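[1] Give me a 3D structure for the following:
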Amino acid sequence: MHNIAGDVKTLVSLPFLFYLLTGTFLLYPILGLYLNNYFSKYINSTLFKIGIAFVIVHNTLFYLGYSIKGDDFDNFMFSVDYFCLCIYVICILKFDNQNIIIKTVKALGIIIISLGYVLGFIGVLFLFNFIALNSKIYKKYSFKYKNENYELRMYDNSGRDDLYLRYNLETYQTYPYIPIEKRVKDTIIVNNNDSFNLEENLKPEIIVLDNKKELILKNDNGHSIMLILK
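    Prediction:
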């Protein structure tokens, strides 16, 4: 007999990012079609322009390395970005203007959303769960350098059949009293060295060599690796 309760438990236990990705690529275009009449009335309004400006500023700051502390807010904002794109494309498709720029925007919009749908179906079946599970923080370390605060986050990117463990190490500079952080280093390490085991507790510290900040990771056995920060 099929275990329905087990299936429900599995669905509930899936990471939030799985549902966010699924909704973004599969539901937002449909929601955009349903709501485009409402949004088309406000596409030239000041509030709508402020919203678009906020999206542009957020993406620019993220490109420069600055973000809201943690991963959830940025993931949500990128989801909102795609929803705004769907709304804009659907609204522009209604334009009768045959201007070459409008035609180009229409064509690019249709291609992007179509590819998004294809990615959405593939993602639900094979990809999104893997991405969501690999986006969960495996370990986290906070440390200081002089008056600066830093946080090292470790993500387990190992596949089921991988011969060696593979980790993504992200280092952020954090700031007191404000929920802002700046990414200063992103490194993938394959743990195939028995003398340096990332499974053990790490002791991060920053030193300066030749005017460059370098991150030293030490484990309980006294072994260490060095990463050059930006």
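[2] so where's this protein uncertain?
    Where the chain drops to pLDDT under 70, the residues are 1-14, 40-45, 47, 97, 158-164, 191-199, 228-230.
[3] so what are the domain limits for it?
    Per automatic domain parsing, the structural domains of the chain span 4-134, 137-228.
[4] what's near enough to touch residue 87?
    Counting by Cβ atoms under 8 Å, 6 or more residues apart in numbering, residue 87 touches 32, 35-36, 39. Yep, even glycine has a C-beta here, placed from its N, CA and C like the rest.
[5] Buried members of the residues you listed into PyMOL, please.
    The PyMOL command for the buried members of these (criterion: 16 or more other Cβ atoms under 10 Å) is given here:
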select buried, resi 32+36+39
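[6] now the contacts of residue 87 in a markdown table, with distance to residue 114 and secondary structure?
    Output for these, formatted as a markdown table (distance: Cβ to Cβ, whole Å; DSSP: H, G, I helix; E, B strand; the rest coil):
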| residue | distance to residue 114 | secondary structure |
| --- | --- | --- |
| 32 | 14 | helix |
| 35 | 20 | helix |
| 36 | 17 | helix |
| 39 | 21 | helix |
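[7] Could you take the contacts of residue 87 and lay them out as JSON lines, with extra columns for distance to residue 133?
    Formatted as JSON lines, these follow (distance: Cβ to Cβ, whole Å):
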{"residue": "32", "distance to residue 133": "29"}
{"residue": "35", "distance to residue 133": "32"}
{"residue": "36", "distance to residue 133": "34"}
{"residue": "39", "distance to residue 133": "34"}
